[in-house]
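# everything below, folded, please.
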Amino acid sequence: MAERVKLHVEDSGGSGRPVVLIHGWPLSGAAWEKQVGPLTDAGFRVITYDRRGFGQSEKPDSGFDYDTLAADLEGILAERDLSDVTLVGFSMGGGEVARYVANHGEDRLAAVVFAAAIPPYMLKTPDNPAGPLAEEAAKEMESQLRADRDGFFDGFARAFFSVSDELKVSEEDLQKAIALCRQSDQTAALGCMQAFGTTDFRDDLERVTVPTLVIHGDSDSIVPIEGSGALTHERIPGSRLVVLRGAPHGCTTSHPDTFNRALLDFLER
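Below is the predicted model:
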C-alpha cells in the first residue's frame, strides 16, 4: 500500500457530532463551501479534506486506488479519535465511503451518505449492463485530459453543473470549480479517473448496515441516477432515497438549499 501523505484538513472543531465531507473529482474540500456553514450552524463538527493529489494536499505519484484512499480517510478519523461519525461522499467520494466500510468497518460510524455518488459500479460490463460509463467513453475522457487539460476541465465543469446544456449555477461558481480542478495534480487526476471508472463497489455496499441516505439529482448527466444512486438505494436495505428534481451532478452547488435540508433532516433524525 502507498505510504501516508500529508492531507489538507479543515476542522470546525467543537463537541458536536462529526460530519466528514468527502469531495468529488477533480475538486477539493473547498467544493463544500455551501454546506459547511449550515452544518456548523446546526451544531455539527464539520470536517473537510483534500484527497491526496488534489487541492492543498500533498501530491504523491501513487496511491490513487480506493484501498489507499479509504486508508487516508481512516487516518484522518484515527488522528482525531472520532466516533459517531457521518461520512458524506459526493461523486467519487462515495467510493471512499463504500470502501471505508468494507475495509475498516463501522465502529466509528453513525451513518453514511452517498451524494450523487458513483457506486455501485460505474463501468458498463457484461455483468453490469446498467453501468453508466462505457469503456469507450472512459478512454475518450482520459485521452482528452491528457491532450488538453485546461480545455477538458472547462468542459467537464460546465457539464457538471448543467442540465440540457443550461448552466444551473452562477458564472462565479463555475469559475471557482474550474480553479479547483486546475489545482489537481495530473498524475492524481488520471489515477483517480481510472479508480472511479473501474472499481466495483457492489460487494462493499453489502457491508453497509448503518443508517444510509442516498441523495441524487434526477438530471445528472455525469453520474446518471439510474445506474448509480437508484441501485445503491436498492442494495442497502432501509436506506433513504432523496431525488433532487431538476438537479445536475453538481447538486451541492446548484441546489444547496434543497440538498442541505435533506442532509440535515437525515442527520437530525
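
# which regions of the stretch 51-200 of the chain sit below the pLDDT cut-off?
The model of the stretch 51-200 of the chain has no residue with pLDDT under 70.

# quick one: the strands in the stretch 101-250 of the chain?
With strands called from DSSP state E, counting those that start in this stretch, the stretch 101-250 of the chain shows them at 109-115, 162-163, 166-167, 212-217, 240-244.

# now the first one: how far from the chain's centre is it?
Put plainly, it is strand 109-115. In this view, strand 109-115 has its centroid 12 Å away from the chain centroid, taken as CA atoms, centre = their mean, to the nearest Å.

# got the buried residues for that strand?
Of the residues in strand 109-115, 109-115 count as buried by neighbour count, 16 or more other CB atoms under 10 Å. To be clear about C-beta, it is placed using only N, CA and C from the backbone, and glycine gets the same treatment.

# list the neighbouring strands of that strand plus their orientation.
In the sheet containing strand 109-115, the strands it pairs with under DSSP bridges are strand 85-90 (parallel), strand 212-217 (parallel).

# let me see the contact set for Thr209.
For Thr209, the residues meeting the contact criterion (CB atoms under 8 Å, 6 or more residues apart in numbering) are Glu106.

# mind pulling up the pLDDT for it?
At Thr209 the predicted local confidence, pLDDT, stands at 98.

# from Val223, how far off is it?
In this structure, Thr209 and Val223 are separated by 24 Å, where distance is defined by CB to CB, to the nearest Å.

# same check, this time on Asp203
Between Asp203 and Val223 the computed distance is 20 Å (CB to CB).

# give me the pLDDT for Asp2.
Actually, residue 2 is Ala rather than Asp. The per-residue confidence score, pLDDT, reads 60 for Ala2.

# thinking again about what came up before, and which of the buried residues of strand 109-115 is nearest Ser15?
Ala110 (14.8 Å; CB to CB).

# my read: that closest one touches Thr86, true?
Yes - using CB atoms under 8 Å, Ala110 and Thr86 qualify as a contacting pair, with a distance of 5.5 Å.

# intersection of neighbour lists for these two?
Taking CB under 8 Å, 6+ apart as the contact criterion, the residues that touch both Ala110 and Thr86 are Arg17.

# thinking again about what came up before, distance to Ala98 added to the buried residues of strand 109-115, as TSV?
Putting the buried residues of strand 109-115 into TSV (distance: CB to CB, whole Å) gives the following:
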residue	distance to Ala98
Leu109	12
Ala110	17
Ala111	14
Val112	8
Val113	12
Phe114	8
Ala115	13
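
# wait, which of the strands of the stretch 101-250 of the chain is closest to Leu267?
Each of the strands of the stretch 101-250 of the chain was checked against Leu267 via CB to CB, and the shortest separation belongs to strand 109-115, namely 7.4 Å.

# CA atoms only: put the closest one into CSV for me.
Extracted in CSV, the C-alpha atoms of strand 109-115 (Å, rounded to 0.1, in the frame of the first residue of the first chain):
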residue,chain,number,x,y,z
LEU,A,109,-19.7,5.4,12.1
ALA,A,110,-23.2,6.6,13.0
ALA,A,111,-24.4,6.9,9.4
VAL,A,112,-23.3,7.3,5.7
VAL,A,113,-24.5,9.5,2.8
PHE,A,114,-24.0,8.8,-0.9
ALA,A,115,-24.4,12.1,-2.7
